[in-house]
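1. Mind looking at a prediction? Sequence and model below.
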Amino acid sequence: QVQVVQSGGGSVQAGGSLTLSCAVSGGTFDKYGMGWFRQTPEKEREFVAAISYGGGNTNYKTSVRGRFTISRENAKNTGYLQMLNLKPEDTAVYYCATDWYGAGTGTLPSSYNYWGQGTQVTVSS
């Protein structure tokens, strides 16, 4: 059974940085694309970034492009979301998820199979 466990997150001031990690076990990690989503009480879960199962294709929400970087280390069965120059509007619960042979183009939660538990990111002004 595939398990997705997130780590990282926390509270930072605007302009600060955080890196989220997403460890996948129980499956063939290098066959899974990965995505990051975020959600606030006021909004539905929204797409942030995605990476293909091979790592060669990435996709970003417009407002985070240039500040966030999605990556993966297949040898460690782990994906990452590096977040730089954080803004208060980035405050949300962040989720990672996997999709079988994902091409890094999935922007809808329904495209993903297994989800992490979520981690809070809070950015203060």
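-> Alright, I've got the coordinates. Because the structure is a prediction, the values reported are computed rather than measured.
2. What sits closest to residue 102 if chain neighbours are left out?
-> In space, residue 102 comes closest to residue 33 once its chain neighbours are excluded; the distance is 1.9 Å by C-beta to C-beta, 6 or more residues apart in numbering. For every residue, glycine as well, the C-beta is placed using N, CA and C.
3. tell me the contacts of that neighbour?
-> 50-53, 98-104, 106 (C-beta atoms under 8 Å, 6 or more residues apart in numbering).
4. For the residue nearest the centre of the chain, what is the enclosing helix or strand?
-> Of all residues in the chain, the one closest to the mean position by C-alpha atoms, centre = their mean is residue 36, 2.5 Å from it. Assigned by DSSP states H and E, residue 36 falls within strand 32-39.
5. got it, and residue 94?
-> Going by DSSP H and E, residue 94 is part of strand 92-100.
6. name the helices or strands packed onto that strand?
-> strand 3-7, strand 18-25, strand 32-39, strand 78-83, strand 114-115, strand 119-124 (3 or more C-beta pairs under 8 Å, 6 or more residues apart in numbering; DSSP states H and E).
7. Now the strand holding residue 36: buried residues?
-> 32-38 (16 or more other C-beta atoms under 10 Å).
8. Tell me where the model's unsure across this protein.
-> Within the chain, no stretch has pLDDT under 70.
9. From the chain's centroid, how far away is the strand holding residue 36?
-> Relative to the centre of its chain, strand 32-39 is centred 4 Å away, using C-alpha atoms, centre = their mean, to the nearest Å.
10. repeat for stretch 97-104
-> Remark: stretch 97-104 is offset 12 Å from the chain centroid, using C-alpha atoms, centre = their mean.
11. picking that back up, nearest to residue 45 among the buried residues of strand 32-39?
-> Closest approach between the buried residues of strand 32-39 and residue 45, by C-beta to C-beta: residue 37, at 4.9 Å.
12. quick one, what contacts that closest one?
-> Residues in contact with residue 37 (C-beta under 8 Å, 6+ apart) are 45-48, 94-97, 109.
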